[in-house]
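1. Structure for the following, please:
(one chain, ligands or ions: 1)
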Amino acid sequence: MAHWSNWSGRHQSEPSRLHFIRTEEDAAALAGRARDQTRTIRVAGGGHSHAPLVPNNEVIADISALSGVISADPDTQRAWVRAGTPIYALGPSLHQHGMALPNQGDIDRQTIGGACATGTHGTGRGAANLSSAVVGARFATASGEIEECGLTNNPTLCSVARLNLGSIGIITALELQLRRSYRLAESAFVTTGTEAEARIAELMADNDRFEFYWSPQTDQAFVKRMNETEDPAEYPLASEGKRVGWSFEVYPSHRAQLHTEMEYSVAMPDGPACFSAIKELITSDFPEVEMPVEYRSVASDDVWLSTANGRETVTISVHRDIEHDESPLFRACEEIFLDHGGRPHWGKVNYLDREQLARRHADWDRWWKTRDEIDPAGTFLNAYMRSIRPS
Ligand SMILES: Cc1cc2nc3c(=O)[nH]c(=O)nc-3n(C[C@H](O)[C@H](O)[C@H](O)COP(=O)(O)OP(=O)(O)OC[C@H]3O[C@@H](n4cnc5c(N)ncnc54)[C@H](O)[C@@H]3O)c2cc1C
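-> Model prediction:
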């Protein structure tokens, strides 16, 4: 029997079919046949979502063979890349063309298609999420055809494709707005949670990219800064917090401990107060929690359903190891996040229903209307997506 699991093991599926897509033609045929047979399809990227976005008991399509850079244009700094390309492979390949992603997240194990589908982001006051780099997309539709859209060619469809939650079709390729290759110098220090909290505004203003992890039990904060540099790369790369290298060498860290994560975005001015309330809650009510709280920033964007849509953003995330039930901690934190106007990360845990999600996203109705037009039968919706579809 076919089996699929996400990275942490929190989500498992036994689909009637696990299909390994190797060509765009196969993707189109698979999508068309599923619709004719009234079966649903979800595409699996790197399986790093904590939200139930991939699970499906009908068809799960593995996209990992659709990998690599298709074309790159140094004049526009744009490239078409296959959607299954892991971010760790994308960095070196783009660098061969003198280009780089404008930003990356904490790890680089995701596929570019999966990362963009959920609004994956890194940190930096001027650094927007990966979905905002998407300027075009190609995908297999439920009618068994390949559709191409771009911000100038069918912008409405492209607005959904940028952050698509796996729900418009099988994305085979994305066109990304990139920038010239750049190097980063990373520096880190350890302080207390109180000190890190007090210095948020200063550290954000003084660094291109800044984040910290506060560890509840020790009250220690690991503060990390990344700044663009002309200094040469230093090989072999040092350990995290001390690296100087090309951006794709410095962004990723290694997450060895399996965990589950909740992350909310709040408007930048509300970040410190929200963090302070989370810190107080964990200290008083959850003294057993060991895993850190992470604090980052994301630039405002215009991407439909993006958690940074229309506002400079701070993201705050809480983690729980997989041996423990995360829900008491996460539900208590979610109340605080909601009190601060939070929007949940699409790839992480939240407990919101369709009305609560709709209230947090100005483009909710037109995102669904456009999605429903391209896939009226709901071939690309799983149980979770159906549960939040406007009724
Ligand atoms: C250890 C860890 C660290 C993380 N760090 C960060 C971070 O720093 N910043 C951040 O914002 N998030 C982070 N995340 C969350 C992660 O980036 C997102 O959940 C992301 O969507 C995972 O990408 P994936 O390739 O694993 O996609 P999956 O989880 O496999 O899929 C995500 C969604 O994309 C869809 N999808 C994937 N590929 C396609 C395709 N080709 N066509 C159509 N739909 C597709 C799936 O159907 C699903 O809806 C982290 C997660 C983990 C576990």
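2. What number of residues are in the vicinity of the residue of the stretch 1-150 of the chain found nearest the ligand?
-> Residue nearest to the ligand within the stretch 1-150 of the chain (Cβ to the nearest ligand atom): residue 114, separated by 2.2 Å. Quick note: C-beta positions are derived from backbone N, CA and C, even for glycine. Neighbourhood size, residue 114 [other Cβ atoms under 10 Å]: 28.
3. Quick check: closest non-adjacent residue to it.
-> Among residues not flanking residue 114 along the chain, residue 45 sits closest, at 2.5 Å (Cβ to Cβ, 6 or more residues apart in numbering).
4. and what of residue 160?
-> Using Cβ to Cβ, 6+ apart, the nearest residue to residue 160 is residue 370, at 4.7 Å.
5. ok, now residue 196?
-> Using Cβ to Cβ, 6+ apart and skipping the chain neighbours, the partner closest in space to residue 196 is residue 221 (3.6 Å).
6. try residue 192
-> Leaving aside its sequence neighbours, residue 192 sits nearest to residue 219 (Cβ to Cβ, 6+ apart; 5.5 Å).
7. again, but for residue 18
-> Leaving aside its chain neighbours, residue 18 sits nearest to residue 2 (3.7 Å; criterion: Cβ to Cβ, 6+ apart).
8. Check the burial of the closest residue to the ligand within the stretch 151-300 of the chain by counting its neighbours.
-> Nearest to the ligand, among the residues of the stretch 151-300 of the chain, is residue 166, at 2.4 Å (Cβ to the nearest ligand atom). Number of residues near residue 166 (other Cβ under 10 Å) recorded here: 26.
9. Need the phi and psi values for it.
-> phi 70, psi 20 (degrees, to the nearest 10).
10. residue contacts, the residue nearest to residue 18?
-> The contact partners of residue 2, by Cβ atoms under 8 Å, 6 or more residues apart in numbering, come to 14, 15, 16, 17, 18, 60.
11. contacting residues for the last one?
-> When contacts are counted by Cβ under 8 Å, 6+ apart, residue 60 is found next to 2, 4, 13, 15, 17, 18, 19, 41, 42, 43, 44, 54.
12. Show me the subset of those residues that also lies near the ligand.
-> Taking Cβ under 6 Å from any ligand atom as the test, the ligand is in contact with 42, 43, 44, 54 out of these.
13. For the residue lying closest to residue 111 once chain neighbours are set aside, grab the count of nearby residues.
-> Once flanking residues are discounted, residue 111 sits nearest to residue 45: 3.8 Å by Cβ to Cβ, 6+ apart. Other residues near residue 45 come to 28 when the count uses other Cβ under 10 Å.
14. going forward, begin numbering at 5 instead of 1
-> Sounds good: first residue 5 from here, last item residue 49.
15. As a check, name the ranges of all helices in the protein.
-> Secondary structure of the chain (DSSP state H): helices located at 28-40, 91-100, 116-121, 159-166, 197-202, 204-210, 251-254, 275-289, 331-343, 358-364, 368-378, 387-392.
16. follow-up on the earlier one: the residue nearest to residue 196 touches residue 195, doesn't it?
-> No: using Cβ atoms under 8 Å, residue 223 is not in contact with residue 195, being 9.7 Å away.
17. Tell me who's in contact with the residue nearest the centre of the chain.
-> With distances taken as Cα atoms, centre = their mean, residue 124 lies nearest the centre of the chain, 2.0 Å away. Residues near residue 124 by Cβ under 8 Å, 6+ apart: 109, 114, 118, 133, 134, 135, 351.
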